[in-house]
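*Asks:* dropping the sequence and predicted coords here.
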Amino acid sequence: MGRFEGSGADVRDDGQKLMLDGQWAEAAAHYNAIVTAAPDDAAAWTHLGVALLQLGYAEAAVDAFRRALAVRADFMPALANLGVALHRQGQLVEAIEAYCAAVAAQPDNAQLLVNLGNALADAGRQDEAMAAHRRAAELQPVPPPAEKELRPPETDGRRDQAVELNTVGNAHLAAGRAQAALDAYAQALALWPDYADAQGNLGNALRGLGRLGEAVTAYRRAVELAPDDAGHWCNLGIALQADGALAEAADMARRALALRPDLALAHTCLGVALRDMKELDAAIESLRQAVALDPGQSDAIHALSGCLVERQRWEEVEALGRNALARDPQSIDARVCLAVALQGQNRLEEALDMARQALVLQPDSELALGVMAAALHGLDRSGEALAAAARGLAVAPGNADMHNTLGIVLLDAGRVAEAQTSLRRAIALKPNFVTAHVNLGMACLQMGQLEEGWAEYEWRLRDGHETRLWDVMPERAWRPGQDLTGRTLTLHTEQGMGDLIQFSRYADRRWWGGPGRSGPPARIVLRTPRSLADLAASVPGVDALLVGDEVPTTCDVHAPLLSLPYLLGTTLATVPAVVPYMTPPAAALARWRAGFAAEDAGIRAPGLRVGLVWAGNPGHRGDRHRSIHQLAALDPLWAVPGVRWYSLQVGPRAADVGQMPAGRVTDLSTRLSDYGETAAAIANLDLVIAVDTSVAHLAGALGKPVWLLISNRPDWRWMRDRTDSPWYPTARLFRQTRMNDWSGPMAAMAAALAELAARHSVPAAQEVAFRRLFGL
């Protein structure tokens, strides 16, 4: 807020003596009598306005200053104080107009420039505000000589000079000169040690210089001096939060809100502290209040969008960004927020466009460059994605998120060693960076570096996306080295069906024990969805099931399935690869066997039975790469003689059979009601050909030959440059060599299939002849 300008009248004037004594009502009466007798006295009108403003009559004060200016249009004290009064009333446009007129008349008046800058800042015109403050700091680098101004009665010369120094510090801080501001505040406090505003501003300068511990000390002193000032409590909370003292930061923010429930910045401080404490729901509530109170506060918008992103509530992030953009069409933060939301919804072209818009406004925006790199990567434009990430790191070499993005792009480009370097750099910059740890884990697992890979992959349990048993019962989580002898272990499913099928093998006690390892538990309870219950029950070592949302009656210890390789120390040499470890339900197996036998009875040369799956879950993020979207890619397979095709495809893509050669593929989808039925069908086939889906895992777990079509961006479990799998001895891998190009692996598979079908036809023909010879 602006400071009052003196009228230049003799300080011995009776009215000014009343004002200096704080007798504002008497001063107002005194000057009212003067202007009644002498309505052309501009100075008296100005003094009357100052007194009225001190009494809280802002509207009457504005009228008095205007009356003074009507008498003398160039009377500077009236013009300057008119700006102050209008500013107090919240009439920012008129206040700025008055300040500008005053500055035009006295362009070297630092106080007027500070007042103008404050009004511009309150109006949201930050660039202009900084320019005004910067000019004030240039004009007034040291305290100015004492001026004839109206001041509160409690001030003396030293305090008066301290106030001036505080103003100088504010101008320096607004201009981005934190050290100069710090010097000014220190001088102010040397003159007036109990000056709470200067003490708080000292904290601001120290925080701006990154000296958080000293900033906290300064803010603590400020709240001692002015315990009823919500701003000081809020600033203390912000500094504590930045220094990692999250619980205390939240407490300080609550103290501020107890004094001023409408203080948006305190809601932001509380929300950010709660976010960092992983209390996301409470954080979102606080940050929503901050945005409601101050819709243009970029820190609140950014923090709220980050929390919503963690919850993957993409539509809410999009709404937040669009609302912010509607309020400020030039907002960079709003565009970045929108870009993140659109990327999360896989609307990559839109995300890319929004990121580019942000970069037009701010070419060095780290967040926009990060979104652009990620969107380009998602659009398979790897070269451009690498360039965008490199550009981002040139702008901000210490940006951990950018190093992580670069690591992902390099990993999917097959440059795994370089990816690991980038991801390790991200972790060095931000040691608790969950996503980077998980990505490094997957990079290590792809390269067969299982010991480090499993350890890094454990960070996935800290992502905060779900509330799970290991979250609500952390004291019962199985820890490395913990002996489970005689105890009941509950194993949780996580991620997809394929993961449950692959890692349920660890229930078999054969894979437990060894030097330094835990003894096996007495009982193992496996949680499973209903569609896999029959098969899960057949896994050796599973003593009981928790189906669906069943609650365990006893739970001594629990662990997620994908943590077992880490907890049991699995290496490439010790992968438990004995198959089969799942068995189809007997009744279903007999039913499918009879059905295939009946079908074979009328066929002279039955041929090779091959099951086919060409698409995974369309909702999976990797579906655009792992599934076959152009059915023409399958044409080389139809040309192989001696093969009878059976569709094991379920879901919306099962209807694709209608677009395949007529009569070439038998559609089994309507009979595959659960995984038990699918397993029984597979058991009666000679081979399964599949993209990376749960059916491929199921065939491997059943010990059936399975040929996998692997994309150029393989999941970590299929590793790199291998045609076999350490997890499934009966698996054979056919890999893309170019992104989204299935022609290479399909040609290789067709050739291998022709050879297999030819070998199969000889014993099949012999069997037919034998049956005919003996009338069987």
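*Replies:* Thanks, I have the structure now.
*Asks:* where does the stretch 501-650 of the chain dip in pLDDT?
*Replies:* Scanning the stretch 501-650 of the chain for pLDDT under 70 picks out 514-518, 604-605.
*Asks:* strands of that one, start to end?
*Replies:* Per DSSP state E, counting those that start in this stretch, the stretch 501-650 of the chain carries strands over the ranges 523-528, 544-547, 557-560, 608-613, 643-647.
*Asks:* please apply the same query to the stretch 151-300 of the chain.
*Replies:* Applying DSSP E, counting those that start in this stretch to the stretch 151-300 of the chain gives no strands.
*Asks:* shaky segments in it?
*Replies:* 151-157.
*Asks:* just checking, residue 436 touches residue 404?
*Replies:* Yes. Counting by Cβ atoms under 8 Å, residue 404 is a contact partner of residue 436 at 4.5 Å. All C-beta atoms are positioned from the backbone trio N, CA, C, and that covers glycine.
*Asks:* joint contacts of those two?
*Replies:* Residues touching both residue 436 and residue 404 (Cβ atoms under 8 Å, 6 or more residues apart in numbering): 423, 426.
*Asks:* before we move on, the earlier item: got a markdown table for the strands of the stretch 501-650 of the chain, with distance to residue 727 and mean neighbour count too?
*Replies:* As requested, the strands of the stretch 501-650 of the chain are exported to a markdown table (distance: least, Cβ to Cβ, whole Å; neighbours: other Cβ atoms under 10 Å):
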| stretch | distance to residue 727 | mean neighbour count |
| --- | --- | --- |
| strand 523-528 | 18 | 22 |
| strand 544-547 | 23 | 17 |
| strand 557-560 | 18 | 22 |
| strand 608-613 | 18 | 24 |
| strand 643-647 | 24 | 21 |
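*Asks:* can you put those in JSON lines and add distance to residue 48?
*Replies:* As requested, the strands of the stretch 501-650 of the chain are exported to JSON lines (distance: least, Cβ to Cβ, whole Å):
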{"stretch": "strand 523-528", "distance to residue 48": "80"}
{"stretch": "strand 544-547", "distance to residue 48": "81"}
{"stretch": "strand 557-560", "distance to residue 48": "76"}
{"stretch": "strand 608-613", "distance to residue 48": "88"}
{"stretch": "strand 643-647", "distance to residue 48": "92"}
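*Asks:* out of the ones you listed, flag the one nearest residue 301.
*Replies:* Closest approach to residue 301 among the strands of the stretch 501-650 of the chain (Cβ to Cβ): strand 557-560, 34.7 Å.
*Asks:* what does the closest one rub up against?
*Replies:* Here strand 557-560 has contacts from 461, 468-470, 473, 476-478, 482, 484, 487-494, 521, 567, using Cβ under 8 Å, 6+ apart.
*Asks:* now the buried members of the residues you listed.
*Replies:* By neighbour count, with 16 or more other Cβ atoms under 10 Å, these hold 461, 469-470, 477-478, 484, 487-494, 521, 567 as buried.
*Asks:* where does the prediction get shaky in the stretch 651-776 of the chain?
*Replies:* For the stretch 651-776 of the chain, the stretches flagged by pLDDT under 70 are 762-776.
*Asks:* which stretches in it count as helices?
*Replies:* Using DSSP state H, counting those that start in this stretch, the helices assigned to the stretch 651-776 of the chain run over residues 675-683, 694-701, 743-773.
*Asks:* and the ones you listed as TSV, adding distance to residue 241?
*Replies:* Converted to TSV, those look like this (distance: least, Cβ to Cβ, whole Å):
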stretch	distance to residue 241
helix 675-683	48
helix 694-701	44
helix 743-773	52
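*Asks:* residue 385: which of those helices is closest?
*Replies:* Residue 385 lies closest, by Cβ to Cβ, to one member of the helices of the stretch 651-776 of the chain: helix 743-773, at 23.3 Å.
*Asks:* circling back to that earlier point, in strands, which of the contacts of strand 557-560 fall?
*Replies:* 488-492 (DSSP state E).
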